[in-house]
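Chemist: Sequence and predicted structure, then a few things I'm wondering about:
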Amino acid sequence: MPSTTRHTLNRQRQRQNQRTEQTTAEAVAPEPATKTRPRPEPRTTEKTEKTEKATTPRAAAPPRRLLAALCLLTLLLGAFAGWAHARSHALTDTAAAQNTALTDAARTSEVKGQAEKAVNALFSYDYANPKTAEKAAADLLTGKAVGQHRTLLAPVLAQAQEQKTVVTTTVTDSAVERIDGDRARVLVYADQSSTSTAAKAKDAAGNYAGAMLALDLVHRDGRWLVSAIDTFSS
């Protein structure tokens, strides 16, 4: 075999051996450390679970001081409720005892009757006999009721003579709200009719309305006088 051919074969063998060694080295080389992540240790999880189990009962249980405060608050509220109930009952009994309208039927009937007569007289008016209305006001009114009655009757008096007005008031119902000693308060319901005879009979005007009043009365010299008048729309 010529030397040139032998030399060529030796080179080829050396190259093949180098390639084989390189491939083997790459196959044996370990993977980079960055590709793998360390897993959490199981001991840490076990410690966390144990810690939660240990702390949960303590957090759920209320402190002893809080329990004591709640018990004390319950006792105080119970005591206050009992006192408030007793106080309310005492005040109710006192008001009922002072209100004679609830206990004295005869006196209640007297007050009711005189209040109805007063309203009929005070709020009726006849242009032909004005002295009757004036006498009723002088006999049945006292205190601020004098001015209140005058104000209520002023629109009628202003045109009574010109229109020849006749106003008739009739009480339809009444109720005594309270009687306390020589003072009383009565609610009165009344019907009012007003007519004018200034025009001819066929043109005569007539008006009808309802009225609701609250009267304060005071007992003087054996009779009940109207001391205040409150009006309401009916």
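Modeler: Happy to help now that I have it.

Chemist: quick one: buried residues of stretch 122-141?
Modeler: L122, F123, S124, Y125, Y127, A133, A136, A137, L140, L141 (16 or more other CB atoms under 10 Å). Using the backbone N, CA and C atoms, a C-beta is placed for each residue, glycine as well.

Chemist: was I right about the fourth one contacting P155?
Modeler: No. Under the criterion of CB atoms under 8 Å, Y125 is not in contact with P155, lying 11.0 Å apart.

Chemist: Touching, T168 and A190? I think so.
Modeler: No. Assessed by CB under 8 Å, T168 is found out of contact with A190, at 10.1 Å.

Chemist: what about these two, which has more around it?
Modeler: A190 (21 against 14; other CB atoms under 10 Å).

Chemist: hang on, that one in a strand?
Modeler: Yes. If the criterion is DSSP: H, G, I helix; E, B strand; the rest coil, then A190 is within a strand.

Chemist: Relative to T170, how far out is it?
Modeler: Using CB to CB, to the nearest Å, one obtains 6 Å as the distance from A190 to T170.

Chemist: try V186
Modeler: Distance from V186 to T170, by CB to CB: 16 Å.

Chemist: secondary structure element for A228?
Modeler: Here A228 sits within strand 223-232, counting by DSSP states H and E.

Chemist: Touching both of A190 and T170, which residues are there?
Modeler: N120 (CB atoms under 8 Å, 6 or more residues apart in numbering).

Chemist: what is the mean pLDDT for the strand holding A228?
Modeler: Averaging pLDDT along strand 223-232 yields 93.

Chemist: now do stretch 133-149
Modeler: Per-residue scores along stretch 133-149 average to 96.

Chemist: Can I take it that D139 is in a helix?
Modeler: Yes. Counting by three-state DSSP, D139 falls inside a helix.

Chemist: circling back: for the strand holding A228, name the packing helices and strands.
Modeler: helix 105-122, helix 145-163, strand 205-220 (3 or more CB pairs under 8 Å, 6 or more residues apart in numbering; DSSP states H and E).

Chemist: between the second one and helix 105-122, what angle do the directions make?
Modeler: Between the axes of helix 145-163 and helix 105-122, defined by axes from the mean of the first three to the mean of the last three CA atoms, to 10 degrees, the angle is 40 degrees.

Chemist: So what touches helix 145-163?
Modeler: Here helix 145-163 has contacts from 122-123, 125, 127, 130, 133, 137, 141, 165, 167, 194, 196, 198, 216, 225-229, 231, using CB under 8 Å, 6+ apart.

Chemist: Go again with 10 Å.
Modeler: Applying CB atoms under 10 Å, 6 or more residues apart in numbering, the set of residues contacting helix 145-163 from outside is 118, 122-123, 125-128, 130, 133, 136-138, 140-141, 165-167, 194-199, 205, 211, 213, 215-218, 225-231.

Chemist: quick one: F123 from D104, how far?
Modeler: 28 Å.
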